[in-house]
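**Student:** All I have is the shape, not the residue letters:
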């Protein structure tokens, strides 16, 4: 029997069902924010700003900083925080077990073990906890103004680590949803959603970034400023040419 095919009403004791529904909705909203941050950050960091906007405004740096800091805080809130009155995936899981119908408890516990999530004691959790306690939620003098370069390097969190942890959080969350189907991000950012016929299939962030490329000087330089293009292309790498051609093709221009 697959618990993902059974509704919570058939698994959870009736007197606690309303509490379960309220808690899963609250955590779900954080999951939506976390995954939407990941979606946008990946597209911003993968966009070739150096090619299309070499003199970059600080706007995108501000956006990235805020989304990454927001993601770290969300991970801390729903996963790492160990306060007695906090609502985390772990504390919620323990409450579910307490109010689970006895006949389904063994199978639920087996599913939890299969996720191999358990109680994280990783280097990444320590980094997230330190950043939250010393920089994001509190601004400790020693941590921020007097930290040695070697210590700062050890505290660095890389985006792939955040992406990987987000995916593990998604898996754990879905395990607690049972037969309810909860989307992990906004529909516009989901690869599982097919846009209406005739609608632009791109998300808002993709449209914004495409507009930067479309309106850039270099995209149309071969046609509008051929003499300048001959000079510019000599300084471009084959990879840079490939990226330019990718966007030229996207906007109906010939490859160069």
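**Tutor:** Received, thanks. This is a predicted model, so every value here is computed, not measured.
**Student:** Give me the pLDDT value at the most centrally placed residue in the chain.
**Tutor:** Residue closest to the average C-alpha location in the chain (C-alpha atoms, centre = their mean): residue 38, at 2.1 Å. Note for residue 38: predicted pLDDT of 97.
**Student:** what about the residue lying farthest from the centre of the chain, distance to residue 217?
**Tutor:** The C-alpha centroid of the chain is most remote from residue 227, which lies 43.0 Å away (C-alpha atoms, centre = their mean). Noted for residue 227: a distance of 14 Å to residue 217, by C-beta to C-beta, to the nearest Å. C-beta coordinates here come from the backbone N, C-alpha and C atoms, glycine included.
**Student:** what's the offset of the helix or strand hosting residue 164 from the middle of its chain?
**Tutor:** Assigned by DSSP states H and E, residue 164 belongs to helix 159-177. Chain-centre distance of helix 159-177: 9 Å, with C-alpha atoms, centre = their mean, to the nearest Å.
**Student:** Likewise for stretch 65-74?
**Tutor:** 9 Å.
**Student:** Quick check: buried residues in it?
**Tutor:** Using 16 or more other C-beta atoms under 10 Å as the test for burial, stretch 65-74 gives 67, 68, 70, 71, 72, 73, 74.
**Student:** Which parts of this structure are helices?
**Tutor:** When secondary structure is read from DSSP state H, the chain shows helices at 14-46, 49-52, 59-75, 89-98, 105-115, 123-131, 141-145, 149-154, 159-177, 204-214, 221-224, 226-232, 238-250.
**Student:** what does the second one contact?
**Tutor:** By that I understand helix 49-52. Here helix 49-52 makes contact (C-beta atoms under 8 Å, 6 or more residues apart in numbering) with 56, 60, 212, 213, 216, 218, 219, 240, 243, 244, 247.
**Student:** Just the buried subset of the residues you listed, please.
**Tutor:** Among the contacts of helix 49-52, those classed as buried by 16+ other C-beta under 10 Å are 60, 212, 213, 216, 218, 219, 240, 243, 244, 247.
**Student:** Tell me the one of the residues you listed nearest residue 4?
**Tutor:** Nearest to residue 4, judged by C-beta to C-beta, of those is residue 60 at 38.9 Å.
**Student:** Could you report the neighbour count for the closest residue to that closest one other than its chain neighbours?
**Tutor:** Distance criterion C-beta to C-beta, 6 or more residues apart in numbering; nearest residue to residue 60, sequence neighbours excluded, is residue 44 at 6.1 Å. Under the neighbour criterion other C-beta atoms under 10 Å, residue 44 is assigned a count of 17.
**Student:** List the contacts of residue 44.
**Tutor:** By C-beta under 8 Å, 6+ apart, the contact list for residue 44 reads 60, 63, 64, 205, 209.
**Student:** tell me the domain ranges of the protein?
**Tutor:** Residue ranges for the domains of the chain, per automatic domain parsing: 3-189, 204-250.
**Student:** for the shortest one, the distance to its chain's centre please.
**Tutor:** Relative to its parent chain, domain 204-250 has a centroid offset of 28 Å by C-alpha atoms, centre = their mean.
**Student:** now the end-to-end length of that domain.
**Tutor:** 17 Å (C-alpha to C-alpha, to the nearest Å).
**Student:** now do the first one
**Tutor:** The straight-line separation of the ends of domain 3-189 (C-alpha to C-alpha) is 27 Å.
**Student:** Pull the distance from it to the chain's centre.
**Tutor:** Distance, centroid of domain 3-189 to centroid of chain: 9 Å (C-alpha atoms, centre = their mean).
**Student:** for the stretch 101-250 of the chain, which spans come out with low pLDDT?
**Tutor:** For the stretch 101-250 of the chain, residues meeting the criterion pLDDT under 70 lie at 116-121, 151-154.
**Student:** before we move on, back to that, which of the buried ones among the contacts of helix 49-52 sits closest to residue 174?
**Tutor:** residue 60 (31.8 Å).
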